[in-house]
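A.B. asks: here is my input; please provide its structure:
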Amino acid sequence: MTREKHPTEFYLLASAAIFSRCTFWGFGNLFVLFLLQSYSFSNEKTTALYGIFTGSSAFFPFIGGYLVDRWNYYQPLFLAPLITIVGFLLLLFHNEYLLYVTMGLLAIGYGLFTSSSIPLLHHVYRHNVSLREKGFLWFYSAFNLGVFASISLFGWISQIFSWNVAWIVGVILSCLGLIPTLIFYKKYHTLYANLHPRKRQVMPMEEISSEKKIQKDRIYFLCILNVCSLFFWAFYIQGWSSLSIFLVDHIKGGLPISSILASSNLFIFLLVPLFLYIDNHRKKPSSLALVTSYALFFLSISFAILLAASFFSDKIYFLYPIIFFFFLSMGELLIGPAGLSATTQLAPKKFTSFFVGIWYFFMGIAFIIGGQIAGF
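C.D. replies: Purely as a prediction, here's the structure:
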């Protein structure tokens, strides 16, 4: 049997995504530690700001999706890293008001990149639908590898040198992220320049009526999926908010907190081959409802482990939060790629980016709720 190969566009988009997530979540996942160490904010203010930042970063793909559906899919890929560079440069001034501006700029850059790259990835597999879910899974794991590297790198640099040096590295990484985007544009701009999401196809009236009913059912399904995912993401985000604060005073062992927080991204990258093996050997595809149920199950296991570890002692060994992130990563790998793939597949073609934005919009609501939960 001939092994199917992913299109070249996939590798370029995945490379750009690695740098995009590397810079954004390298800052985002260390956000709580950064504020506690550099601004001496209270725990309540820190977790509230974290909830607002992560929430807004999910709201902006919603706005970006609306704009991209009326613009095009490839030009926002250039704009996103440029906005991110400005945000990192403002952090160097160590000013609270500029900090808030940076939070907004990074969220805008993240939103533009996400709302354009995900629909492009869907289009990359237009001639090979059977490979699409595997492509989304590898895409998801690729940028998590970037996040793992950036958290470890930013955390190490901030402790050995300073946070400012870490943000300069963020600028450099954002510049490097432009390279695969430029190659993508040079090789494929003719193809994707003609891919305008608002172009209509002429259809007979009876087909239009049937298509509208199908689209309505798909939209209802996507709404239910988004509501279910909200519960997962609200508790998922505790790993980088309330758990970060808890570990500052209650961790026992030799690993830095930043490395523990980064373990989730490493697990995602390492677990992808296992998930692909299971996918290739199952007799029939699992329903999205079953996949979501499994994700919530693994989420429950992760918190049960922390609860058991902290029940008998005020301090816990570093292995417990690592196991927590292992099961959390299992849940994320189930619900994340499958949810995005289903969204691009089921959304109305003229509004693909917009519905990707809705997926992240619900994630943003979950993150804000999660920030409030962490403040209790």
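
A.B. asks: wait, Ala166 touches Ile160, no?
C.D. replies: No. Applying CB atoms under 8 Å as the test, Ala166 and Ile160 come out as separate, 9.7 Å apart. Every residue, glycine included, has its C-beta placed from N, CA and C.

A.B. asks: give me the more crowded residue out of the two.
C.D. replies: Counted by other CB atoms under 10 Å, Ala166 and Ile160 do not tie: Ala166 has more neighbours, with 24 against 9.

A.B. asks: secondary structure element for the more buried one, which one?
C.D. replies: helix 163-193 (DSSP states H and E).

A.B. asks: cool, His122 as well?
C.D. replies: Per DSSP H and E: His122 is located in helix 96-124.

A.B. asks: packing partners of that helix?
C.D. replies: helix 8-28, helix 43-68, helix 76-91, helix 132-160, helix 319-346, helix 352-374 (3 or more CB pairs under 8 Å, 6 or more residues apart in numbering; DSSP states H and E).

A.B. asks: okay, now the unreliable bits of this protein?
C.D. replies: Where the chain drops to pLDDT under 70, the residues are 1-3, 192-211, 375-376.

A.B. asks: still on that earlier bit, list the buried ones in the helix holding His122?
C.D. replies: 98-99, 102-103, 105-124 (16 or more other CB atoms under 10 Å).

A.B. asks: go on, stretch 251-265?
C.D. replies: Neighbour-count burial for stretch 251-265, counted by 16+ other CB under 10 Å, picks out 251, 257-265.

A.B. asks: can you list contacts of that stretch?
C.D. replies: Outside stretch 251-265, the residues that touch it by CB atoms under 8 Å, 6 or more residues apart in numbering are 25, 29-30, 33, 144-148, 151-152, 154-156, 158-159, 239-240, 244, 247-248, 315-319, 321-322, 325-326, 328-329, 332.

A.B. asks: 6 Å instead?
C.D. replies: Here stretch 251-265 makes contact (CB atoms under 6 Å, 6 or more residues apart in numbering) with 29, 144, 147-148, 151-152, 155, 240, 247, 315, 317-318, 321-322, 325, 328-329.

A.B. asks: figure out the length between the terminal residues of that stretch.
C.D. replies: 20 Å (CA to CA, to the nearest Å).

A.B. asks: return the distance of Phe41 relative to Asn164.
C.D. replies: Distance of Phe41 to Asn164, computed by CB to CB, to the nearest Å: 18 Å.

A.B. asks: repeat that for Gly239.
C.D. replies: On the measure of CB to CB, Gly239 and Asn164 end up 26 Å apart.

A.B. asks: in ChimeraX, how would I select the buried members of the contacts of stretch 251-265?
C.D. replies: The following ChimeraX line selects those of the contacts of stretch 251-265 that are buried, judged by 16+ other CB under 10 Å:
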select :29,144,147,148,151,152,155,240,247,318,321,322,325,328,329
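
A.B. asks: on that earlier part again, neighbour count winner among Gly239 and Asn164?
C.D. replies: Ranked by neighbour count (other CB under 10 Å), Gly239 and Asn164 place Gly239 first, with 24 against 16.

A.B. asks: residues contacting that one?
C.D. replies: By CB under 6 Å, 6+ apart, the residues touching Gly239 are Leu328.

A.B. asks: break down the stretch 151-300 of the chain into its helices, ranges please.
C.D. replies: Taking DSSP state H, counting those that start in this stretch, the helices of the stretch 151-300 of the chain run over residues 163-193, 205-236, 242-250, 257-281, 288-311.

A.B. asks: got the angle between the second one and helix 242-250?
C.D. replies: Computed with axes from the mean of the first three to the mean of the last three CA atoms, to 10 degrees, the direction of helix 205-236 lies at 10 degrees from that of helix 242-250.

A.B. asks: could you say what helices and strands helix 205-236 packs with?
C.D. replies: Helix 205-236 sits against helix 288-311, helix 319-346, helix 352-374, with contacts defined as 3 or more CB pairs under 6 Å, 6 or more residues apart in numbering; DSSP states H and E.

A.B. asks: most tightly packed of the ones you listed?
C.D. replies: Among the helices and strands packed on helix 205-236, helix 352-374 has the highest mean neighbour count (mean count of other CB atoms under 10 Å), at a mean of 24.

A.B. asks: show me what that helix packs onto, helices and strands only.
C.D. replies: Where contact means 3+ CB pairs under 6 Å, 6+ apart, helix 352-374 is packed against helix 43-68, helix 96-124, helix 205-236, helix 319-346.

A.B. asks: what angle separates the second one from helix 163-193?
C.D. replies: Helix 96-124 runs at 30 degrees relative to helix 163-193, counting by the same axes, to 10 degrees.

A.B. asks: run the chain-centre distance for helix 96-124.
C.D. replies: 10 Å (CA atoms, centre = their mean, to the nearest Å).

A.B. asks: just give me the closest of the buried residues of stretch 251-265 to Trp71.
C.D. replies: Within those, the smallest distance to Trp71 is 30.6 Å, found for Asn265 (CB to CB).

A.B. asks: and the closest one, how far is that from Glu332?
C.D. replies: Between Asn265 and Glu332 the distance is 10 Å, computed by CB to CB.
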